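Colleague: The following comprises the amino acid sequence and a computationally predicted model.
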Amino acid sequence: MDARFKQHFEQEADQPIPSPPKVLSGSALATVLHQYQCGESERLVLALALAPHLRPELLDAFFVRNQNLDRGFTEFGGSKGVAHGGFIPTGETASFLLAGNSLEKRFALMQILGPSHSFCQNEILALESSPSGEPALSGRLTLSSEWLSRLCMGEGTKPSFSSEFPAQRVSTPLAWETLVLGEHTLNQVSQLRLWLQRSVALMHMPGCPPHREQGLRVSLHGPAGVGKTLSALLLGKESATDVYKLDLKLIGGWDADCAQRGLDRVFKLASNRQWMLLIENAGLLQDDGVTATQASNFAHLRMHLASFAGLALLESRQPFADESGLVDMAVRFGLPDVGQRLQLWKIYLPEAKTDADVRFEDVAERYPFTGAQIANAVFCAFLYCAQRGGATVSDSDLQRCLSDVE
């Protein structure tokens with residue numbers, strides 16, 4: 001800034017612009033600069049967008065008045081906020097620092113602030129839209145809250161569910177040992193684990209089907225409570241991948257413009273941040289009885305799924321028809337057999353937490369529960385145990401719950 005002011009006011013017209021300082025290796029800023037191949041111009045724009053958040057007083061120099069006109073300098077750009085009394089930089093401010101009077105450099109800056117640049121594509125920073133008819137560079141430079149958090153704290157914020165973002169981040173505290181599946185289903189889930197570990201290498205192997213280069217769409221189908229959602233969450237947990245859930249029952253009923261804008265944002269962020277998507281109630285995608293609005297929203301979702309480069313898991317009760325062309329792989333989840341139910345009872349209710357009169361074998365044989373139903377029954381039994389002041393679950397605690405489980 002000092003160098004540009006000296007150049008501009010002709011105190012030192014030949015004052016060279018200093019090179020940016022070295023960045024601490026391993027820092028969040030260094031990672032961003034390397035990942036998105038930022039040059040000196042991008043670094044200055046990023047620093048300018050950060051300044052109001054970190055050192056707002058640095059920009060006070062832009063408040064200097066043009067004595068000839070008794071107003072600020074047009075070429076400095078900038079605006080004032082509602083609560084913030086300092087200088088908020090605009091695209092014009094960046095142009096003053098980077099381009100000066102050079103139209104060629106101004107055009108180059110417009111590329112940096114344009115929709116095709118990595119700043120916009122990855123929602124790092126943006127040039128706000130200008131009021132109708134006003135110059136494009138009069139819009140404010142805004143740094144996203146996600147990247148402000150990443151650059152300052154080393155960890156980004158996670159978007160929350162809203163009308164602008166119709167997805168919810170989901171996770172589980174459970175481990176693979178709590179997932180009890182049939183052998184064939186478990187083998188298919190293991191294939192997904194392998195895909196997540198080796199997806200980039202696999203997609204570039206000679207002979208890999210071309211459509212697999214666009215990611216993987218997998219149907220998880222079967223009754224409720226048999227491990228579909230838990231499998232998805234464990235896949236995300238193991239691969240350190242955020243899992244975001246989209247509920248088609250909810251999205252289908254939204255106004256088309258609102259739903260489709262929201263889907264655009266979800267898939268854009270999911271692609272940029274390599275999220276895993278879990279589509280709940282995906283069976284609606286092949287339901288002929290949907291409304292016109294639902295059909296429009298679901299068609300928009302299909303369009304995004306076709307080009308999504310990550311893992312999309314479509315959860316439904318029934319399998320997808322082969323001719324739908326919507327999924328690359330189908331994983332069927334069945335009801336647990338007696339042996340699997342016995343295993344689930346012992347996982348959720350360890351023997352150390354039960355009285356000697358609890359007979360898991362009898363319960364597993366008599367009640368054809370799913371894993372989710374077993375977990376609910378165990379929770380209920382612990383409540384009755386706590387109510388009577390017991391230290392371990394008794395058979396009577398458990399029996400009181402079994403008939404109530406749906």
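Modeller: Structure's in. What do you need? Numbers count the residues shown, from 1 in each chain.
Colleague: what's the neighbour count on the closest residue to Gly182 other than its chain neighbours?
Modeller: Nearest non-adjacent residue to Gly182, counting by Cβ to Cβ, 6 or more residues apart in numbering: Gly334, 5.8 Å away. (Each C-beta comes from the backbone N, C-alpha and C, glycine too.) Gly334 has 14 neighbours, counted by other Cβ atoms under 10 Å.
Colleague: mind checking pLDDT for Gly334?
Modeller: As predicted, Gly334 sits at a pLDDT of 96.
Colleague: pretty sure it contacts Thr185?
Modeller: Yes. Gly334 is within contact range of Thr185, at 7.0 Å (criterion: Cβ atoms under 8 Å).
Colleague: tell me the domain boundaries of the chain?
Modeller: 2-153, 168-332, 338-402 (automatic domain parsing).
Colleague: what about the ones you listed, which gets the closest to Ser160?
Modeller: domain 168-332 (7.9 Å; Cβ to Cβ).
Colleague: just how off-centre is the closest one within its chain?
Modeller: 14 Å (Cα atoms, centre = their mean, to the nearest Å).
Colleague: first to last residue in it, what's the distance?
Modeller: 25 Å (Cα to Cα, to the nearest Å).
Colleague: Over to stretch 50-58?
Modeller: End-to-end for stretch 50-58, by Cα to Cα: 11 Å.
Colleague: List the buried residues for it?
Modeller: Leu50, Ala51, Pro52 (16 or more other Cβ atoms under 10 Å).
Colleague: Run through who's touching it.
Modeller: Met1, Leu59, His84, Gly86, Phe87, Ile88, Pro89, Leu143, Leu148, Leu151, Cys152 (Cβ atoms under 8 Å, 6 or more residues apart in numbering).
Colleague: And the residues you listed, which is closest to Phe369?
Modeller: Of the contacts of stretch 50-58, the one sitting nearest to Phe369 (Cβ to Cβ) turns out to be Leu148, at 47.4 Å.
Colleague: What score does the closest one have for pLDDT?
Modeller: For Leu148, the model assigns a pLDDT of 89.
Colleague: got the contact list for the closest residue to Ser239 other than its chain neighbours?
Modeller: Nearest residue to Ser239 in three dimensions, chain neighbours excluded: Leu196, at 4.3 Å (Cβ to Cβ, 6+ apart). Residues near Leu196 by Cβ under 8 Å, 6+ apart: Leu235, Glu238, Ser239, Thr241, Leu311.
Colleague: quick one: which of these is most hemmed in?
Modeller: In the contacts of Leu196, the most neighbours by other Cβ under 10 Å go to Leu311, 25 neighbours.
Colleague: Phi and psi next, for it.
Modeller: When read as degrees, to the nearest 10, the backbone of Leu311 gives phi -100, psi 120.
Colleague: Tell me which residues touch it, please.
Modeller: Leu192, Trp195, Leu196, Ser199, Gly215, Leu216, Val218, Leu235, Thr241, Met276, Leu277.
Colleague: in the stretch 251-400 of the chain, which segments are predicted with low confidence?
Modeller: 322-323 (pLDDT under 70).
Colleague: Just the pLDDT at the residue located most distally from the centre of the chain, thanks.
Modeller: What lies farthest from the middle of the chain is Asn68; by Cα atoms, centre = their mean that is 51.4 Å. On the pLDDT scale, Asn68 is placed at 85.
Colleague: Assumed it was part of a helix.
Modeller: No. Per DSSP: H, G, I helix; E, B strand; the rest coil, Asn68 lies outside any helix segment and is coil.
Colleague: Now do it against Thr74, distance only.
Modeller: Relative to Thr74, Asn68 is positioned 12 Å away (Cβ to Cβ, to the nearest Å).
Colleague: Buried among the contacts of Leu311? Make that a PyMOL selection.
Modeller: Entered in PyMOL, the line below selects the buried ones among the contacts of Leu311, by 16+ other Cβ under 10 Å:
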select buried, resi 192+195+196+199+215+216+218+235+241+276+277
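Colleague: In helices, which of the contacts of Leu311 appear?
Modeller: Secondary structure from DSSP state H places Leu192, Trp195, Leu196, Ser199, Leu235 of those in helices.
Colleague: which pair in those spans the largest distance?
Modeller: Ser199 and Leu235 (11.7 Å).
Colleague: Give me the neighbour count for Val160.
Modeller: To be clear, residue 160 is Ser; Val isn't right here. For Ser160, using other Cβ under 10 Å, the count is 9.
Colleague: show me the contacts for it.
Modeller: Gln168.
Colleague: And it, how far from Gln286?
Modeller: 30 Å.
Colleague: do the same with Leu103
Modeller: Taken as Cβ to Cβ, the span from Leu103 to Gln286 is 55 Å.
Colleague: The two: which is more packed in?
Modeller: Using other Cβ under 10 Å as the criterion, Leu103 and Gln286 rank with Gln286 on top: 16 against 8.
Colleague: mind listing what Ala94 touches?
Modeller: Taking Cβ under 8 Å, 6+ apart, one finds Leu44, Val45, Leu48, Gly77, Leu109, Leu113, Leu137, Leu141 in contact with Ala94.
Colleague: Was I right to think the fourth one contacts Thr90?
Modeller: What that stands for is Gly77. Yes. Taking contacts as Cβ under 8 Å, Gly77 lies within contact range of Thr90: 4.0 Å.
Colleague: Kind regards, and thank you for your time.
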